[in-house]
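Colleague: Predicted coordinates and the sequence they were generated for:
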Amino acid sequence: MQMQLYHLLSRFRFLNRYSYKFLFIAFLGIHIPLLGLIFFIVLSPEPKFSAGAIIVFALLFTLLATGVTLFILHQLIKPLSVAQQALTEYLNKRKLPALPTHFSDEVGVLLHDIQHTVTDLNALLEEKKDLVSMLSHDLRSPVITMLDAIRLLKEETDPETMVLYLEEMEKMGNKQLELMHSVLQLLKHESGAFSPTDLKPVKLPAFVKEVISQFEIPLMQKRLTLDLNLQDVKVMAEPAVFSQVLSNVLYNAIKFSEKGDRITVQSKTVNNKSIIQVRDNGIGFEPDLAEALFQKFTPHRKKGTSGEATNGIGLYLCRKMMQKQEGRIFAESEGLNLGTTITLELPNAMVASRKTAEKLVLKEVA
């Protein structure tokens, strides 16, 4: 409503500059009194006019034209007021603007730039918040595991078992340092996103086994059996971040499994995509909650079968990290106490390499 006049004038091609719109309105405002006076003289039935009548008529038309012109010019600067109001609301209330972005004159470009700058800034701030949440979330699990290992070390007398615990603690510590380094590097990028050069071919079987090795202690504590059925393929991923996603998924499978249960990790290739599935026989969930589990701080979070705490942000962060790697993650369950299957989907490295080679060939030909 506030920009109707600006929108109307923008339809005329000869007014493709914001200054042209002002000049056009000013031109009409200046010539309305002159045109009015001409019509008054030509069309009036009186053959002669007194000087006073002409002056009064000219003054009335001038005042009317000036008032109308000022009103229209005031309406014409509404886009600037709307832009200023949008910025104020975002700064004070963090309310995202909905400015038009299809106008092509100077003000239209300004509105476009404000809209996209504020949207990108808001997305960047959200990315930073998510990274902080990721660090706070993903540092908890290894610390808890380390504390459990320390407690077991205090009770352990067998030197070989003690060495095993210490090796596992060292692995977890190195993994967390790798993750923190990756996140700190990520924070240096203004966009908060990965570039294509961050994605590397990852040999799936060895990678999954390395991640699983971090969970030997919790697997042993719950007496869980882990079955692996992995294809010998490579996927395109950011290693440190993909490792964290897989760690979160495995930790959830362990957390929500009963003692003595079985967890299955398998992979397959479908439509040039590598699919990794982690299936447990634990507490499960109602099928209609599959998407709700990926909400930030989801209200559907539950404690683990041994009372393990949860904050409802793990799967949300996993989805964010998978999207940055051109991948997907989703959850399936047939119902309560019927287990859960978490599916990870990533580009197959061989297919990705072939597409890259094709692009290079096309570029050379061009």
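Modeller: Right, received. Where do you want to start? Because the structure is a prediction, the values reported are computed rather than measured.

Colleague: Need the three-state assignment for the residue positioned nearest the centre of the chain.
Modeller: In the chain, the C-alpha nearest the mean C-alpha coordinate belongs to Ala123, at 6.1 Å (C-alpha atoms, centre = their mean). What DSSP: H, G, I helix; E, B strand; the rest coil gives for Ala123 is helix.

Colleague: From Leu96, how far off is it?
Modeller: Noted for Ala123: a distance of 10 Å to Leu96, by C-beta to C-beta, to the nearest Å. Any C-beta I mention is one placed from the backbone N, CA and C, and that applies to glycine too.

Colleague: and if you look at Leu64?
Modeller: Taking C-beta to C-beta, one finds Leu64 at 42 Å from Leu96.

Colleague: do Ile342 as well
Modeller: Distance from Ile342 to Leu96, by C-beta to C-beta: 32 Å.

Colleague: more neighbours, the two?
Modeller: Ranked by neighbour count (other C-beta atoms under 10 Å), Ile342 and Leu96 place Ile342 first, with 24 against 15.

Colleague: Verify the stated contact: that one with Ala331.
Modeller: Yes: between Ile342 and Ala331 a contact is recorded at 5.4 Å, counting by C-beta atoms under 8 Å.

Colleague: Looks to me like Tyr228 is in a strand.
Modeller: Slight slip there: residue 228 is Leu, not Tyr. Yes: assessed by three-state DSSP, Leu228 belongs to a strand.

Colleague: what sits opposite the closest residue in space to it that isn't next to it in sequence in the beta ladder?
Modeller: Setting aside the residues directly before and after it, Leu228 is nearest to Val265 in space (C-beta to C-beta, 6 or more residues apart in numbering), at 5.3 Å. Beta-bridge pairing for Val265 (DSSP bridges): Leu228, Val278.

Colleague: low-confidence ranges in this structure?
Modeller: Within the chain, the stretches with pLDDT under 70 are 1-2, 36-37, 40-51, 54, 131, 133-142, 175-197, 309, 311, 350-366.

Colleague: quick one, domains of it?
Modeller: Domain ranges of the chain: 4-121, 198-361, per automatic domain parsing.

Colleague: Of those domains, which is nearest Glu160?
Modeller: Each of those has some distance to Glu160 by C-beta to C-beta; the shortest is domain 198-361, at 13.8 Å.
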